[in-house]
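Asker: pasted the sequence and its predicted model underneath.
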Amino acid sequence: METDKNYNVKSSLSAGNETNESNINLLIPAECAGLRLDQALARLLPNWSRSRIQSWIADKRVKVGDLCCNAKQKVWGNEHIQISPLFDQSENTHSAEAITLNIVHEDDALIVINKPAGMVVHPGNGNRQHTLLNALLHHEPQLEKIPRAGIVHRLDKNTSGLLVVAKTIEAQTWLVHQLQLRAVRREYLALVYGKVNQSGTVDAPVGRHPVHRTKMTVTARGKPARTHYTILESLGGCTLLQCSLETGRTHQIRVHMHSINHPLVGDPVYGGKPRKTIPEIGRLLTEFPRQALHARRLALIHPENKHLLQWQTEAPEDLAHLLSLLRKHHSDQFMHLDPNRAPSRYAATGSQ
């Protein structure tokens, strides 16, 4: 992971009666050299829209050094930026809800959560309540002062596992930057249809499907996406993989596995059907009610002390139970074919 970037953000928060003002101080990194001021800030602060940033620049709430500048001014790296954004409290329409969170780690800068399958991360059409964001606002009310309540990356509703939430603007900006540098390590357990013969990498751009707009697909018009996968266990009719992300596109693992003809078990959008397996295993795979995908490991550089931290969780109960049944049926089938041999097993769900 990269840790030597000269990139710092400091913030101070104060709340008024109707607005919430937050002073942000940051240093333009070298990779933004040559960009317009509004472009650089939009890249560094993606939780705010570019139009919002442009309005702050026009209102002289953004200074380069000690001077107010226009949005078109170019930056060349190492400039000190001071932002005094204006927040309208009426824009925060999300309510706090007393929803239990499985918190793996929490300190003054961040929260690491083990999200259950079935929980939506951020409110959207049809999911305005009972989301992770609503739960976070109840757990830590100060998150209402931070864009998206500190959420910097997401998991699909029916994907379980680890994700990190920032508790300050300083931490949020640092984590977003680390994600942009691909310095945050995310590993998943994925159960896919078919026998995967060898580990490998899918390097294929992912974008919106041209016809089915709720789906993603591999397309030349998409954004670069790369997924590394390693075989953990072959279970007869399916394979347990470890998938590591270099990028974080929407539905990336699901789309990439589908593109190599090994869709995720239980995936209602990109899924397939059991193949060349005994009826008992086929039934187990068909009846699994969600995509068999779990974010089991997360590693990142802490925004304050700059230490490398990592967390790992075991597979959730539903996936662990499915794997246990698959191993039993696969073992029984294997022993029936050759009673003098026993299959090797990889304890893929154990903590390290």
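Answerer: Received the coordinates, thanks.
Asker: tell me the contacts of the nearest residue to residue 76 once chain neighbours are set aside?
Answerer: Setting aside the residues directly before and after it, residue 76 is nearest to residue 33 in space (Cβ to Cβ, 6 or more residues apart in numbering), at 4.9 Å. C-beta coordinates here come from the backbone N, C-alpha and C atoms, glycine included. By Cβ atoms under 8 Å, 6 or more residues apart in numbering, the contact set of residue 33 is 75-77.
Asker: which regions of the stretch 1-150 of the chain sit below the pLDDT cut-off?
Answerer: By pLDDT under 70, the weakly predicted segments of the stretch 1-150 of the chain are 1-22, 87-92.
Asker: and the strands in it?
Answerer: Counting by DSSP state E, counting those that start in this stretch, the stretch 1-150 of the chain has strands at residues 9-15, 19-27, 62-64, 67-68, 80-83, 86-88, 103-106, 110-115.
Asker: before we move on, which element is residue 258 in?
Answerer: Under the criterion of DSSP states H and E, residue 258 resides in helix 252-259.
Asker: list of residues touching that helix?
Answerer: Contacts to helix 252-259, defined as Cβ under 8 Å, 6+ apart, come from residues 156, 188, 190, 192, 202, 204, 206, 216-218, 225, 227, 229, 241, 243, 245, 249, 263-264, 267, 269-270, 272, 291, 293.
Asker: from memory residue 314 sits against residue 320, does it?
Answerer: Yes: between residue 314 and residue 320 there is a contact at 6.8 Å, judged by Cβ atoms under 8 Å.
Asker: show me the contacts for residue 222.
Answerer: Residue 222 makes contacts with 205-208, 216, 249, as judged by Cβ under 8 Å, 6+ apart.
Asker: over to residue 52?
Answerer: Contacts for residue 52 were tallied using Cβ under 8 Å, 6+ apart; they are residue 85.
Asker: gap between it and residue 59?
Answerer: Separation of residue 52 from residue 59 (Cβ to Cβ, to the nearest Å): 11 Å.
Asker: ranges for the helices of the stretch 201-350 of the chain?
Answerer: With helices called from DSSP state H, counting those that start in this stretch, the stretch 201-350 of the chain shows them at 252-259, 279-287, 317-337.
Asker: with distance to residue 40 and mean neighbour count as extra columns, can I get those in a markdown table?
Answerer: As requested, the helices of the stretch 201-350 of the chain are exported to a markdown table (distance: least, Cβ to Cβ, whole Å; neighbours: other Cβ atoms under 10 Å):
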| stretch | distance to residue 40 | mean neighbour count |
| --- | --- | --- |
| helix 252-259 | 26 | 24 |
| helix 279-287 | 48 | 16 |
| helix 317-337 | 42 | 16 |
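Asker: mind listing the strands for the stretch 151-300 of the chain?
Answerer: 160-166, 185-193, 200-203, 206-208, 216-218, 226-234, 238-245, 293-301.
Asker: pick the most deeply packed of these.
Answerer: Among these, strand 160-166 has the highest mean neighbour count (mean count of other Cβ atoms under 10 Å), at a mean of 25.
Asker: centre of the chain versus that strand, how much separation?
Answerer: In terms of Cα atoms, centre = their mean, to the nearest Å, the centre of strand 160-166 is set 7 Å apart from its chain centre.
Asker: the inter-axis angle of it versus strand 110-115?
Answerer: The directions of strand 160-166 and strand 110-115 differ by 160 degrees, with axes from the mean of the first three to the mean of the last three Cα atoms, to 10 degrees as the criterion.
Asker: export the contacts of residue 222 to TSV and tack on pLDDT and distance to residue 41?
Answerer: Output for these, formatted as TSV (pLDDT from 0 to 100; distance: Cβ to Cβ, whole Å):
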residue	pLDDT	distance to residue 41
205	97	26
206	97	26
207	95	25
208	94	26
216	96	28
249	93	23
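Asker: this completes my enquiry, with thanks.
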